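Chemist: Build me a structure from this.
(one chain, ligands or ions: 1)
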Amino acid sequence: MYGNLSVIDIDNQGKKLEQEDPAKVAEFEAKIAAGKKIEPQDWMPWEYRRQLTRMIEQHAHSEIIGALPEGTWITRAPGFRRKLALMAKVQDEVGHAQLLYSAAETLGKTREEMVNDLINGKSKYSNVFNYPAITWADSAIIAWLIDAGAIVNQVTNSKGSYGPYCRALERICYEESFHLKYGHDNVVHLATGTPTQRQMVQEALNRWWEPIMHFFGPPDKMSVHTEKLERWKVKLASNDQMRQAFLDMYIPKIWELGLTIPDPAMRKNNDTGRWEYTEPDWDEFKRVINGDGPCNEERLSVRRYAEEKGKWVKRALLNKQERYVAPLA
Ligand code: FAQ
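Modeler: Now for the predicted structure:
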């Protein structure tokens, strides 16, 4: 499964936590408890390596697939200034994928293996990018609220235990905060515009609300990995805590713009301090993350096409001695 194991300890490959040397595990966990970072050359339990590889890889795939729904709006963005800004944002997202693939590679899985697992449908990526951006307002809602959700998650996790991932997240968050401002500006423009513009942005919010609620992952009671990831300070908050933090910050901002959350049950319970809402459809979530969403097929076929058509660039970069002639189509 792992093609390039030269930089990592291969002795513990595939081991369950109970099969690891307890003294090494204790030392590793003490380091994490003391707030120290784990670096690629450090000993780590196989399960930590496996979990981090899974999570960082899925995150990298999300960034690269995440460029697609908004990317389709570059040529149609209203005005030159917005075209430029959107182009820069989309370019940033692809750059985030590069940073994250590099961070995941430090754990031993090669980039080629990760890309193959993505285009063959083996790896997951964020549910939200399997929905279409039908109007310009959809692209505004993505840039504002999906980026906002991503920041809530990533600022928290950037304080985590694995050095390369945390450093990548820190840099990514700086750029995401520009994206969020850009998205907010677009939503404000539409929400304070003509009745048609207001209707357009409200309809986009209605379409995106459920995917956004899904974005933070299944409720804690259904989450498979949270317990282990929290124990090792990879996740510093649970899925429900992240969702609550997002609602706390963004529901007031959405209401401020006169927009309606498409969930009549949404309210803050002042006694518990928690937001109450209608549980989103988790069967739909499972279908979408397992390949059966509105755009899964389209997203992966675009990536397959890019991979196929870009092969000659990779060959040319990797083998500078040879001269390559770009294919015409
Ligand atoms: N989508 O046990 P848990 C962005 C899967 S970046 C798809 O709770 P965990 C930037 C999960 O993998 C967005 N699958 O999992 C941008 C697992 O399946 P597995 C991406 C999901 O890991 C903005 C199963 O469900 N961000 O948006 C999702 O503890 C605008 C059970 O779930 C990250 O990747 C989902 N939403 O918690 C780009 C951040 N949720 O692997 C362009 C890093 C869960 O067993 C435009 N990741 N699953 O087959 C994380 O923080 C965590 O992995 C969670 C999930 C919170 C996503």
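Chemist: can you pull out the strands in the protein?
Modeler: Using DSSP state E, the strands of the chain run over residues 267-269, 274-276.
Chemist: just so I know, which of the ones you listed lies nearest the ligand?
Modeler: strand 274-276 (17.6 Å; Cβ to the nearest ligand atom). C-beta coordinates here come from the backbone N, C-alpha and C atoms, glycine included.
Chemist: what's in contact with the closest one?
Modeler: For strand 274-276, the external contacting residues (Cβ atoms under 8 Å, 6 or more residues apart in numbering) are 244, 247-248, 251, 265-269.
Chemist: List the buried residues for stretch 266-281?
Modeler: 266, 275, 277, 280 (16 or more other Cβ atoms under 10 Å).
Chemist: okay if I get these as CSV plus pLDDT?
Modeler: What follows is the buried residues of stretch 266-281, written out as CSV (pLDDT from 0 to 100):
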residue, pLDDT
Met266, 98
Trp275, 98
Tyr277, 98
Pro280, 98
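Chemist: Just give me the closest of these to Trp46.
Modeler: For the buried residues of stretch 266-281, the residue nearest Trp46 by Cβ to Cβ is Pro280; the value is 34.1 Å.
Chemist: Go ahead and confirm that closest one touches Glu210.
Modeler: Yes. With contact defined as Cβ atoms under 8 Å, Pro280 counts as touching Glu210 (4.9 Å).
Chemist: Can you report how many residues lie near Gly14?
Modeler: Gly14 is flanked by 11 other residues according to other Cβ atoms under 10 Å.
Chemist: do the one 3 residues further on as well
Modeler: Applying other Cβ under 10 Å, we find 13 residues neighbouring Leu17.
Chemist: Could you tell me which residues make contact with it?
Modeler: Leu17 touches 25, 45, 47, counting by Cβ under 8 Å, 6+ apart.
Chemist: Up against the ligand, what does the stretch 201-329 of the chain have?
Modeler: Contact residues, the stretch 201-329 of the chain versus the ligand (Cβ under 6 Å from any ligand atom): 214-218, 223-226, 229, 239, 289.
Chemist: Repeat that for the stretch 1-150 of the chain.
Modeler: 54-55, 58-59, 62-63, 66, 93, 124, 126-127, 142, 146-147, 150.
Chemist: One more pass at 5 Å, please.
Modeler: Residues of the stretch 1-150 of the chain lying near the ligand by Cβ under 5 Å from any ligand atom: 55, 59, 62, 66, 93, 124, 126-127, 146-147, 150.
Chemist: ok, and the closest non-adjacent residue to Ala67?
Modeler: With sequence-adjacent residues excluded and distances taken as Cβ to Cβ, 6 or more residues apart in numbering, Ala67 is closest to Glu93, at 4.4 Å.
Chemist: wait, what's in contact with that neighbour?
Modeler: Going by Cβ under 8 Å, 6+ apart, Glu93 touches 63-64, 66-67, 70.
Chemist: mind putting the residues you listed in JSON lines, pLDDT and neighbour count included?
Modeler: As requested, the contacts of Glu93 are exported to JSON lines (pLDDT from 0 to 100; neighbours: other Cβ atoms under 10 Å):
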{"residue": "Glu63", "pLDDT": "98", "neighbour count": "23"}
{"residue": "Ile64", "pLDDT": "97", "neighbour count": "22"}
{"residue": "Gly66", "pLDDT": "98", "neighbour count": "25"}
{"residue": "Ala67", "pLDDT": "97", "neighbour count": "21"}
{"residue": "Glu70", "pLDDT": "97", "neighbour count": "24"}
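Chemist: any idea which of those is closest to Ala168?
Modeler: Glu63 (10.4 Å).
Chemist: so what's Glu210 up against?
Modeler: 280-281, 284.
Chemist: Setting the sequence-adjacent residues aside, check what's closest to the closest residue to the ligand within the chain.
Modeler: Per Cβ to the nearest ligand atom, Gly66 is where the chain lies closest to the ligand, at 2.7 Å. The shortest distance from Gly66 to any non-neighbouring residue, by Cβ to Cβ, 6+ apart, is to Phe129 (4.9 Å).
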